[in-house]
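K.L.:
everything below, folded, please.
(one chain, ligands or ions: 1)
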Amino acid sequence: MAFSDTCGNALAKNILRKGLQKGRIPNSLLFTGPEGVGKMETALVLAKALNCLKKSDDSCDECANCRAIDRGAFPDVLNLISEKEMAEKYPETFEGGKNGKKPKENISIDQLREMKQTAHLRPMLGRKRVFLIGQAEQIDLTSSNTLLKILEEPPLFTHIILLSDNPYSIVPTIRSRCQILSFSAISREDVEDQLKRNGCGEQKARLISILARGNLKQAFHMSGEDVPDERKLSWIFLLALLTGEGSGELLKDFTSSRKEFREELVRMLEIMLTFIRDVMLLQGGGESSRLLNPDYALLLSGLAGRMSRDRILEFIGSLERSLSAVRKKANLNCLVSELFAEWMEKSYA
Ligand SMILES: [Zn+2]
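P.N.:
As a prediction, the model looks like this:
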């Protein structure tokens, strides 16, 4: 993957390409931005471009260096990951598991000490040594002192790229030593486009691009799942809220303490919002080709004929409030019960 193959964040990529052309890539970098917007992918392209044998401001993905970096087998480019991440990726390598030990969640001080030593050695095969450190906010205060020593005086041939979804949790002295490059959410159109390019059908791609809210990683994850089934369930939930139909059983099913429940509820509320926006579109005389759920056109127009504009707006407000509460970690059982209680009192018929 080269800069030209990564999606969105044109500004960040331009800054990096210009820096590469001028030979002025900062030695200590911090990539910030929400999860799933391509920070790690871009950092890897930068590591390749700094060592590419054919191109100077991008990776060619063909030369021996680019290919070795892609395979994770280039000695001068190192992606530091925690014991936990390592154990998840390669369970057979985690010795402690046999003794019932839990892998450490953070990058250890020993890893950083080793990095400090290596950072001062000239690259073995490439032009530059590059260290990538994801979830930099998880580096604790003790370890950050070791990291700080490298960031203060990095050799010219060494680049350290920190990545974080939550840069304000990074120890401030670390943050202030780095040049910060901000990444933003990928536009809905770009997400839809990427999904279609990767074989996702038009309608599914459109729906997922709305649900993923700029998180490309999540969009790809969702494209492998059965979204139509989730829509069916969300439709039943929506009708139950509006008509009271089957609400007793649903309440029993959905008030649950399962761990994944919060995520499922967020998705259902988001899908319900796509349905209700479709209802609004039909009521306003919009073309059915613009529906987010065109296969529900008949059911949606039935609903559009029975709901007043005010009621629709009220319902959207209520769903959005619930969505925001779920994200803020509200008590889910109470929230679902309250949502039902609120809407069972009202009848759209
Ligand atoms: Zn190359």
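
K.L.:
near the ion, which residues of this structure?
P.N.:
Residues of the chain lying close to the ion by Cβ under 5 Å from the ion are C52, K54, C60, C63, C66. C-beta coordinates here come from the backbone N, C-alpha and C atoms, glycine included.

K.L.:
name the nearest residue to the fourth one, ignoring sequence neighbours.
P.N.:
Which is C63. Leaving out its chain neighbours, the residue that sits closest to C63 by Cβ to Cβ, 6 or more residues apart in numbering is L53, at 3.9 Å.

K.L.:
residue contacts, that neighbour?
P.N.:
Counting by Cβ atoms under 8 Å, 6 or more residues apart in numbering, L53 touches C60, C63, A64, N65, C66.

K.L.:
how about it, secondary structure?
P.N.:
At L53 the chain is in coil, as set by DSSP: H, G, I helix; E, B strand; the rest coil.

K.L.:
could you measure from whichever residue of the stretch 201-349 of the chain sits closest to the ion over to E225?
P.N.:
Of all residues in the stretch 201-349 of the chain, the one sitting closest to the ion is L216 (24.0 Å; Cβ to the ion). L216 is 15 Å from E225, where distance means Cβ to Cβ, to the nearest Å.

K.L.:
look at those two and report which has more neighbours.
P.N.:
A direct count of neighbours by other Cβ atoms under 10 Å for L216 and E225 places L216 higher, at 23 against 11.

K.L.:
contacts for whatever helix or strand R262 lives in next, please.
P.N.:
Element membership of R262 [criterion: DSSP states H and E] is helix 261-283. For helix 261-283, contacts defined as Cβ under 8 Å, 6+ apart pick out 207, 210-211, 230-231, 233-235, 237-238, 241, 254, 288, 290-293, 296-297, 300-301, 303-304, 307, 309, 312, 315-316, 319-320, 322-323, 326-327, 329, 332, 336.

K.L.:
buried ones among those residues?
P.N.:
Buried subset of the contacts of helix 261-283 (neighbour count, 16 or more other Cβ atoms under 10 Å): 207, 210-211, 230-231, 233-235, 237-238, 241, 254, 291-293, 296, 300-301, 303-304, 307, 312, 315-316, 319, 322-323, 326, 332, 336.

K.L.:
ranges for the strands of the stretch 51-200 of the chain?
P.N.:
Remark: strands assigned in the stretch 51-200 of the chain by DSSP state E, counting those that start in this stretch are 77-80, 129-133, 158-164, 179-182.

K.L.:
redo those strands as a markdown table? Include mean pLDDT and mean neighbour count.
P.N.:
Formatted as a markdown table, those follow (pLDDT from 0 to 100; neighbours: other Cβ atoms under 10 Å):
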| stretch | mean pLDDT | mean neighbour count |
| --- | --- | --- |
| strand 77-80 | 92 | 20 |
| strand 129-133 | 96 | 24 |
| strand 158-164 | 96 | 24 |
| strand 179-182 | 95 | 16 |
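
K.L.:
dump those to TSV, plus distance to K89.
P.N.:
Listed next are these as TSV, based on distance: least, Cβ to Cβ, whole Å:
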stretch	distance to K89
strand 77-80	11
strand 129-133	15
strand 158-164	17
strand 179-182	26
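
K.L.:
contacting residues around I109?
P.N.:
Counting by Cβ under 8 Å, 6+ apart, I109 makes contact with T142, S143, T146.

K.L.:
and the closest residue in space to R122 that isn't next to it in sequence, how many neighbours does it have?
P.N.:
Excluding the flanking residues, the one nearest R122 by Cβ to Cβ, 6+ apart is F157, at 6.2 Å. F157: 18 surrounding residues under other Cβ under 10 Å.

K.L.:
ok, F157 to the ion distance?
P.N.:
18 Å (Cβ to the ion, to the nearest Å).

K.L.:
what number of residues lie near K54?
P.N.:
K54: 12 surrounding residues under other Cβ under 10 Å.

K.L.:
cool, and L11?
P.N.:
Count around L11 with other Cβ under 10 Å applied: 12.

K.L.:
helix or strand for it, which one?
P.N.:
helix 10-22.

K.L.:
buried residues, that helix. List them.
P.N.:
By 16+ other Cβ under 10 Å, the buried positions in helix 10-22 come out as A12, K13, L16, R17, G19, L20.

K.L.:
can you put those residues in a markdown table and add pLDDT?
P.N.:
Shown next, in a markdown table, are the buried residues of helix 10-22 (pLDDT from 0 to 100):
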| residue | pLDDT |
| --- | --- |
| A12 | 94 |
| K13 | 95 |
| L16 | 96 |
| R17 | 96 |
| G19 | 96 |
| L20 | 96 |
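
K.L.:
what's the span of stretch 129-141, first residue to last?
P.N.:
Terminal residues of stretch 129-141 lie 25 Å apart, using Cα to Cα, to the nearest Å.
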